[in-house]
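# return atomic coordinates for the entry below.
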Amino acid sequence: MPWDFWLIFAFLAVVIPWRGLVRLKKLLEIPSVDTKEKLALYAATIAFQWLLCGVVAWRGLARGLTATDLGLASSHWVLLLVEGAAGAVLIGGLQWLNLRRIGRTEGAAPELMRKLAKHLLPINLLEFLPYSALAITAGACEEFIYRGFVLGVLVRLALPVWIAVVLSSILFGLAHAYQGRTGVISTGAFGVALAVGRLGLGSIVPVILWHAGLDLAAGVAGPRYLLGSESSAKLEEGR
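A predicted model of the protein is given here:
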């Protein structure tokens with residue numbers, strides 16, 4: 001594997017989790033986050049993800065990765081979009097039900113989810129619109145990086161497919177270390193499903209929509225079930 005690919009993998013395995021934990025620690029030290037601060041956080045995250053995506057694409061293409069390797073080649077775009085939209089609705093619905101369940105649960109993990117929701121999720125229309133841009137960005141950039149580049153590189157190395165799926169999903173889970181151990185495990189498991197979908201459908205397009213659907217559902221259901229009726233009312237009023 002080329003040296004720059006090793007650097008990218010190391011960055012994803014070490015720097016991304018560390019950066020997320022440090023940023024979250026600083027964020028949770030703030031009693032509350034106002035709209036201006038949330039918008040700044042959304043904008044910074046969007047810019048960082050597109051920058052990282054651009055660097056990964058640059059090095060991948062420079063090293064000879066093809067559109068097929070990256071999950072971007074297909075002659076059935078309409079079918080892929082239909083599969084993506086259907087999956088997004090299903091996954092978004094499951095996310096909605098899961099957040100409703102968490103909202104009724106007590107314990108360390110649900111409490112961390114509530115703190116994250118308080119500091120990160122939108123509670124009015126002004127926050128929800130840029131949050132939606134962030135959700136779409138995360139779907140596009142993270143799927144390109146983890147299910148496009150990482151999975152493509154590992155498969156190209158002739159590793160057994162199941163190892164490629166597991167390794168890419170571990171890196172994806174670590175990227176969400178700020179969500180705690182439960183978040184890493186659940187995100188890693190979701191990564192396995194996304195990787196299987198990408199390989200089975202031959203494209204990252206559907207899984208981009210699945211990922212975005214999950215995050216968009218979190219932006220609507222999270223305030224409703226994790227932050228209580230007051231935050232839900234604010235979001236409804238803003239619309």
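
# contacts, neighbours, all on C-alpha from now
Noted.

# skipping its backbone neighbours, what lies nearest the residue nearest in space to the middle of the chain in space?
Centroid-nearest residue in the chain, with C-alpha atoms, centre = their mean: residue 138, separated by 4.9 Å. Computed as C-alpha to C-alpha, 6 or more residues apart in numbering, the closest residue to residue 138 that is not its neighbour in sequence is residue 212, at 6.9 Å.

# where does residue 151 fall, secondary structure wise?
Taking DSSP states H and E as the criterion, residue 151 maps to helix 151-156.

# what about the helices in this protein?
For the chain, applying DSSP state H gives helices covering 3-10, 16-28, 35-62, 77-103, 108-120, 125-142, 151-156, 161-174, 180-201, 205-226, 229-238.

# weakest of these in terms of mean pLDDT?
Across those, helix 229-238 has the smallest mean pLDDT, namely a mean of 49.

# ok, now which ones touch the residue nearest to residue 138?
Residue 212 sits next to 88, 135, 136, 137, 138, 139, 140 when contact means C-alpha atoms under 8 Å, 6 or more residues apart in numbering.

# dump the residues you listed into CSV; add distance to residue 222 as well.
Compiled in CSV, these are given as follows (distance: C-alpha to C-alpha, whole Å):
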residue, distance to residue 222
88, 17
135, 13
136, 17
137, 19
138, 17
139, 18
140, 21
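
# nearest to residue 112, of these?
Proximity of the contacts of residue 212 to residue 112, judged by C-alpha to C-alpha, is greatest for residue 135, which lies at 20.3 Å.

# hang on, the closest one packs against residue 217?
No: with contact defined as C-alpha atoms under 8 Å, residue 135 does not reach residue 217; the gap is 9.5 Å.

# buried residues, stretch 58-65. List them.
For stretch 58-65, burial by neighbour count (16 or more other C-alpha atoms under 10 Å) applies to 59, 60, 65.

# measure the first one to residue 117 for me?
When C-alpha to C-alpha, to the nearest Å is applied, the distance between residue 59 and residue 117 equals 35 Å.

# kindly report the same for the second one.
To residue 117, residue 60 is 35 Å away according to C-alpha to C-alpha.

# go on, the last one?
Noted for residue 65: a distance of 38 Å to residue 117, by C-alpha to C-alpha.

# many thanks, I have nothing further to ask.
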